[in-house]
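Novice: coords below, sequence missing:
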């Protein structure tokens, strides 16, 4: 009698801030994992991980990657849900379960969300529900890794300049990945909606100050009016759609006071602090 074939977990965005850690956590759990990446030859993933080339913009490449897959971790890297129905249709035909990385700002009761990024995730959640594939939603707060975008400013000016955005409970990407790995390997998580946050509410000024304390010289946050920020971001060559999505968050996202215990409950360890993230990544800011 032939041995049963062990199905794999497909991780999209496997070279990104969260996806790379999801792959590592699944490996630690001895779960068979397959990475869906644009360029397998330059993905720099562990040798034991099978990297399959393709793009979510080309559903045919995803279909090939889904062969033998049981569960999919989906990160949607675009600013709109255009193209998502074809991707979700392919997943529904080939996989048994889906885990989607969403955002804590999504209000499922609202007809429209506060900003473009939350609207994208709300649209994706609706399309996932309509696809019929059993799923788990991970609504993540602001990732600590986003602070890497300030690295050059901090190294050269010791100041972070940008539009103010409402304070949130910044979450370490390792914690998001650990919860994702749990959801991907535990059928009991099907149907769950998990809110993932760090342990404390932090403004941009709080984050800048923490970085300064850990790298040995003060770092200030200097708020910039949205109009000036738009002009500078466009001058820097950022795509206009991305600029407007980011600035809509600055203009419209309400302050959050939500701090959850979900990370601790699902991983057995308390959520990491932003300070711990800075300590791990201090070299980027020096």
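Specialist: Structure's in. What do you need? All values derive from a computational prediction rather than experimental measurement.
Novice: for the worst-scoring helix or strand of the chain on mean pLDDT, what is the distance to the chain centroid?
Specialist: Sorting the helices and strands of the chain by mean pLDDT, DSSP states H and E puts helix 240-252 at the bottom, at a mean of 84. In terms of Cα atoms, centre = their mean, to the nearest Å, the centre of helix 240-252 is found 17 Å from the chain centre.
Novice: could I get the full set of helices for the stretch 51-200 of the chain?
Specialist: All helices of the stretch 51-200 of the chain, identified by DSSP state H, counting those that start in this stretch, fall at 59-65, 84-94, 116-131, 151-157, 173-185.
Novice: and residue 32, which of these is closest to it?
Specialist: Judged by Cβ to Cβ, the one of those that comes nearest to residue 32 is helix 173-185, at 10.3 Å. The way it works is simple: take the backbone N, C-alpha and C, and place the C-beta from them, glycine included.
Novice: residues in contact with that closest one?
Specialist: Here helix 173-185 makes contact (Cβ atoms under 8 Å, 6 or more residues apart in numbering) with 9, 17-19, 21-22, 24-26, 28-29, 31, 71, 73, 97, 99, 101, 136, 138, 140, 143-145, 189, 192, 194, 196, 198, 262-263, 266-267, 269, 271-272.
Novice: mind checking how far the residue nearest to residue 114 when sequence neighbours are not counted is from residue 245?
Specialist: Spatial nearest neighbour of residue 114, chain neighbours left out: residue 252 (4.9 Å); criterion: Cβ to Cβ, 6 or more residues apart in numbering. With distances taken as Cβ to Cβ, to the nearest Å, residue 252 is found 11 Å from residue 245.
Novice: spit out the residues that contact these two alike.
Specialist: Counting by Cβ under 8 Å, 6+ apart, the shared contacts of residue 252 and residue 245 are residue 115.
Novice: of those two, who's got more company?
Specialist: Shown here are residue 252 and residue 245; by other Cβ atoms under 10 Å, residue 245 has more neighbours (17 against 13).
Novice: list the helices and strands whichever strand or helix holds residue 265 packs on?
Specialist: In this structure, residue 265 sits in helix 262-267 according to DSSP states H and E. When contacts are defined as 3 or more Cβ pairs under 8 Å, 6 or more residues apart in numbering; DSSP states H and E, helix 262-267 packs onto helix 173-185, strand 193-196.
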